[in-house]
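Chemist: I'll drop the sequence and a predicted model, then ask my questions.
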Amino acid sequence: MQHGDHYYYYYYFYYYYYKTTKYYACRKSRTTKCKVRLVCQDDGTVHIKGDHVCITGDDVIARVVQEEMRLHLELRRLGELRVLLGRIWRDVKDEMIRKYGERSGLRFLPKREAIGVIRRCRDAATGGDAFRAIETEQANR
């Protein structure tokens with residue numbers, strides 16, 4: 001259902017239904033937590049409850065930064081041998097958010113896939129023995 005510039009969908013809860021009154025929620029209520037509700041009563045009046053939080057001044061551009069994340073992960077794989085793989089992924093993810101902004105609709109490399117990339121790169125560089133690489137790194141200092 002469309003009302004004004006927004007689309008709504010019908011939702012029904014048994015305790016919200018009274019006679020022929022119908023309740024509608026904003027279409028973006030699940031993705032943007034928009035709390036607006038339309039109350040359509042049986043006499044034809046429509047009441048709008050709440051304010052739209054799904055309205056933003058700037059359009060969100062979906063960016064796929066998976067390849068860029070993969071490059072950053074490959075660059076950091078050997079410089080940070082003592083850091084956990086999940087921590088490296090989180091640091092690169094935070095770096096992408098700082099670079100492009102939090103509301104820019106980024107699509108990240110999944111955590112399991114990123115950990116696999118780091119592990120394969122470390123295994124190829126250290127011959128599968130990351131602990132020996134850490135020991136020799138400390139001995140060289």
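Modeler: Received, thanks. Residues are numbered from 1 along each chain as shown.
Chemist: Residue 77 versus residue 83, what's the distance?
Modeler: Residue 83 is 10 Å from residue 77, where distance means CB to CB, to the nearest Å. To be clear about C-beta, it is placed using only N, CA and C from the backbone, and glycine gets the same treatment.
Chemist: neighbour-wise, which of these two wins?
Modeler: A count of neighbours by other CB atoms under 10 Å puts residue 77 above the other of residue 83 and residue 77, at 22 against 13.
Chemist: and the more buried one, what pLDDT?
Modeler: Here, the pLDDT recorded for residue 77 equals 76.
Chemist: how close does it get to residue 98?
Modeler: 21 Å.
Chemist: What of residue 35?
Modeler: Shown here: residue 35 relative to residue 98, a distance of 30 Å by CB to CB.
Chemist: neighbour-wise, which of these two wins?
Modeler: Taking other CB under 10 Å, residue 35 and residue 98 do not tie; residue 35 has more neighbours (14 against 9).
Chemist: Tell me which helix or strand the more buried one sits in.
Modeler: Per DSSP states H and E: residue 35 is located in neither a helix nor a strand.
Chemist: Over to residue 122?
Modeler: helix 111-126.
Chemist: which residue sits closest to residue 126 in space, ignoring its chain neighbours?
Modeler: Excluding its sequence neighbours, the residue lying closest to residue 126 (CB to CB, 6 or more residues apart in numbering) is residue 133, at 4.3 Å.
Chemist: Quick check: pLDDT value at that neighbour.
Modeler: 70.
Chemist: and what of the one 3 residues further on?
Modeler: Per-residue confidence at residue 136 stands at 72 (pLDDT).
Chemist: Quick check: which element contains residue 38?
Modeler: Assigned by DSSP H and E, residue 38 falls in strand 37-40.
Chemist: Poorly predicted segments of the protein, please.
Modeler: 1-19, 28-33, 53-62, 102-104, 130-131, 134, 137-141 (pLDDT under 70).
Chemist: same thing but at 90, please
Modeler: Within the chain, the stretches with pLDDT under 90 are 1-67, 69, 71-86, 96-109, 115, 117-141.
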